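# Build me a model:
(one chain, ligands or ions: 1)
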Amino acid sequence: MGTGKLTIDLDAIAANWRALDAMSAPTVQTAAVVKADAYGLGVAKVSRALAAAGARRFFVAVAEEGWAVREALGPGPEISVFGGHMAGDTDMLADLGLIPMLNSIDQVTRHFEALPGHPFGIQLDTGMNRLGMEPAEWAAVRDVVLEKGPRLLMSHLACADEPGHAMNAAQLARFVELTEGCGVPRSFAATGGILLGPDYHFELTRPGIGLYGGLPFEDAWPVVEVELPVIQIREIAKGESVGYANSFIAERRMIVATVSGGYADGITRRLSNQGVLFHGDVPCPILGRVSMDLIGVDVSHLEEVPQGLHLLGLQQSVDDIAETAGTIGYEVLTQLGHRYERRYARGRG
Ligand SMILES: *Cc1c(COP(=O)(O)O)cnc(C)c1O
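Sure, this is the predicted structure:
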């Protein structure tokens, strides 16, 4: 087998959902965000595992993503679309029974004209300035909208991964001001918001990254493991180079393993001469540039010739990689790509 192995622990995802669910009161429903192919981990298998754990409401980014979720789950569970009702979405929303979170007066108008009586929610902007109606827009259509019985009023936090950030309380106050007394279920918290405590929970929470083992959910079960096979081992002398552009020059004799995996597998070039792979608990530094399909790794200090080295696993999380690469765990996860041999394990929970 020449490709890397990506192992996804569906029981760990289910256990993470249950753990996040247990952080809010029993009266608070916990949904699951499965956009971007369940953060790259495979939306059909992940959605089924989450449904089996008890999730009844799912969120995707765009209507196109709803198809795979509906196919995996059948007609029961609610599937909502953050992007709302875009031109061209009408048939998909109707046929798949998706619930758009309407983001503007234009979307509200489109939805009421194209699909009268079809369920919808409303997304409000409370300061992030990304999606959702501005307070003035909301004031203009609020009465008309409430008359049609929205399923949900929601908004999203910009700084929830920084518990001390003043933006959290400011957005919360605005959300309460915009929605108090509407008599409609509300949702405000993603993973970070759940951790901010009960004031942020309202009637429905929407965790994503925490389900998949990423920060800010520090107590998450690890979900992904990536092992890259060693294709070749060679000895190099002092003064020899490794990889493109000679960016690594050996200062001593070394043993170099060439592993199968590269930036085409979502292993960012930012790890060149910076990142490490693991043999058991032993870190093995990346030598030279990460190329499209291959990475050179220092294994001089190992007592045996490894068959494979771990990029992700118990020794190194997506957030560890992200820190080295100057990005976030979300990006590391969603970039992993389609060349791995994927295995779905049932390990925990
Ligand atoms: C992606 C997203 C979520 C999930 O966020 P996490 O930080 O991954 O838990 C929730 N709500 C909205 C609007 C999102 O875009």
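
# Can you give me the neighbour number for the spatially closest residue to V62 that is not a sequence neighbour?
Leaving aside its sequence neighbours, V62 sits nearest to G83 (CB to CB, 6 or more residues apart in numbering; 4.6 Å). Where C-beta positions appear, they are placed from N, C-alpha and C, glycine not excepted. When neighbours are counted by other CB atoms under 10 Å, G83 registers 19.

# Can you report phi and psi for G83?
phi -70, psi -10 (degrees, to the nearest 10).

# what's near enough to touch it?
Applying CB atoms under 8 Å, 6 or more residues apart in numbering, we find G83 in contact with 61-63, 100-101, 103, 131.

# Now do the same contact list for P222.
9, 12, 213, 313-314, 317.

# how close does it get to G313?
7 Å (CB to CB, to the nearest Å).

# can you check S241 too?
Distance, S241 to G313, using CB to CB: 29 Å.

# ditto for L153
41 Å.

# what about the two, which has more around it?
Taking other CB under 10 Å, L153 and G313 do not tie; L153 has more neighbours (27 against 16).

# how much space between the more buried one and F188?
For L153 relative to F188 (CB to CB), the value is 9 Å.

# again, but for V223
In terms of CB to CB, V223 sits 25 Å off from F188.

# go on, A173?
For A173 relative to F188 (CB to CB), the value is 11 Å.

# Kindly report the same for A53.
A53 is 22 Å from F188, by CB to CB.

# Neighbour count: these two, which is higher?
Set side by side, A53 and F188 show more neighbours around F188, with 28 against 20, by other CB under 10 Å.

# for that one, what are its contacts?
F188 neighbours (CB under 8 Å, 6+ apart): 154-157, 172, 175, 200-202.

# From those, pick the one nearest the ligand.
H156 (4.1 Å; CB to the nearest ligand atom).

# wait, isn't that closest one in contact with G127?
No. Look at H156 against G127 with CB atoms under 8 Å: they stay out of range, at 9.7 Å.

# Would you mind giving the contacts of G83 as TSV with distance to the ligand, pLDDT and neighbour count added?
Converted to TSV, the contacts of G83 look like this (distance: CB to the nearest ligand atom, whole Å; pLDDT from 0 to 100; neighbours: other CB atoms under 10 Å):
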residue	distance to the ligand	pLDDT	neighbour count
A61	7	98	15
V62	11	98	16
A63	15	98	22
P100	13	98	29
M101	8	98	25
N103	10	98	22
L131	7	97	18
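
# Using a markdown table, lay out those together with secondary structure.
Shown next, in a markdown table, are the contacts of G83 (DSSP: H, G, I helix; E, B strand; the rest coil):
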| residue | secondary structure |
| --- | --- |
| A61 | coil |
| V62 | coil |
| A63 | helix |
| P100 | strand |
| M101 | strand |
| N103 | coil |
| L131 | coil |
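
# Distance to R342 for the residues you listed - can I get that in CSV?
Converted to CSV, the contacts of G83 look like this (distance: CB to CB, whole Å):
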residue, distance to R342
A61, 22
V62, 23
A63, 26
P100, 31
M101, 31
N103, 34
L131, 31
